[in-house]
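Enquirer: Sharing a model that was predicted from the sequence below.
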Amino acid sequence: MIDWKEILRRTSAGNPAPPSRVERSDDAWRAELDPEVFRVTRRAGTERPFSSEMCSLLGPGRYHCACCDTLLFDAGEKFDSGTGWPSFTQPADDTVIAYSADHGHGMVRVETTCAVCDAHLGHVFPDGPRPSGLRYCMNALALRKHS
């Protein structure tokens with residue numbers, strides 16, 4: 001189980017190698033993705049809070065990267081954080097999420113990206129439920145749910 005201390009270590013020292021890599025040009029991503037998905041995932045955008053029904057979907061399933069289809073989260077780690085974005089306590093595998101410092105908006109946060117294709121997913125915070133204490137606050141547009 002990854003914890004906040006390990007996330008901060010990876011933010012400063014680097015992330016482990018991902019299980020695989022998918023690399024495409026911006027033009028290729030733009031041709032493949034919906035414009036809003038492209039804006040969020042390839043341009044580090046953020047969707048409006050409560051703009052997706054995915055926040056309230058708490059049934060079984062798996063959440064994959066909207067760009068490369070890498071499994072990122074299992075629904076067993078999903079919870080209703082009340083923030084307006086889908087939230088999880090742990091990734092499906094500790095090598096599929098990459099972490100970096102985000103100094104935007106006048107604060108320091110930890111950005112999460114898909115380690116396989118570099119898609120912007122959202123941010124992670126140390127205010128989630130036990131046992132991990134983590135809240136992966138993800139953009140619904142960056143995820144695709146599979147049953």
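Expert: Okay, I see it.
Enquirer: contacting residues around Asp118?
Expert: Ala98 (C-beta atoms under 8 Å, 6 or more residues apart in numbering). Yep, even glycine has a C-beta here, placed from its N, CA and C like the rest.
Enquirer: per-residue confidence at it?
Expert: Note for Asp118: predicted pLDDT of 98.
Enquirer: What of Gly106?
Expert: So Gly106 comes in at 71 (pLDDT).
Enquirer: and the gap between it and Met138?
Expert: 22 Å (C-beta to C-beta, to the nearest Å).
Enquirer: who touches the helix or strand where Ala28 lies?
Expert: Taking DSSP states H and E as the definition, one finds Ala28 inside helix 26-32. The contact list for helix 26-32 (C-beta under 8 Å, 6+ apart) reads 24, 38, 41-42, 67.
Enquirer: list the buried ones in stretch 102-112?
Expert: Across stretch 102-112, burial judged by 16 or more other C-beta atoms under 10 Å covers 102, 109-112.
Enquirer: who's Thr112 bridged to?
Expert: Beta-bridge partners for Thr112, by DSSP bridges, are Tyr99, Gly122.
Enquirer: name the helices or strands packed onto the longest helix along the chain?
Expert: In the chain, with assignment by DSSP state H, the single longest helix is helix 4-13. Secondary-structure packing of helix 4-13 (3 or more C-beta pairs under 8 Å, 6 or more residues apart in numbering; DSSP states H and E): strand 97-102, strand 109-114.
Enquirer: Good, we can wrap up now.
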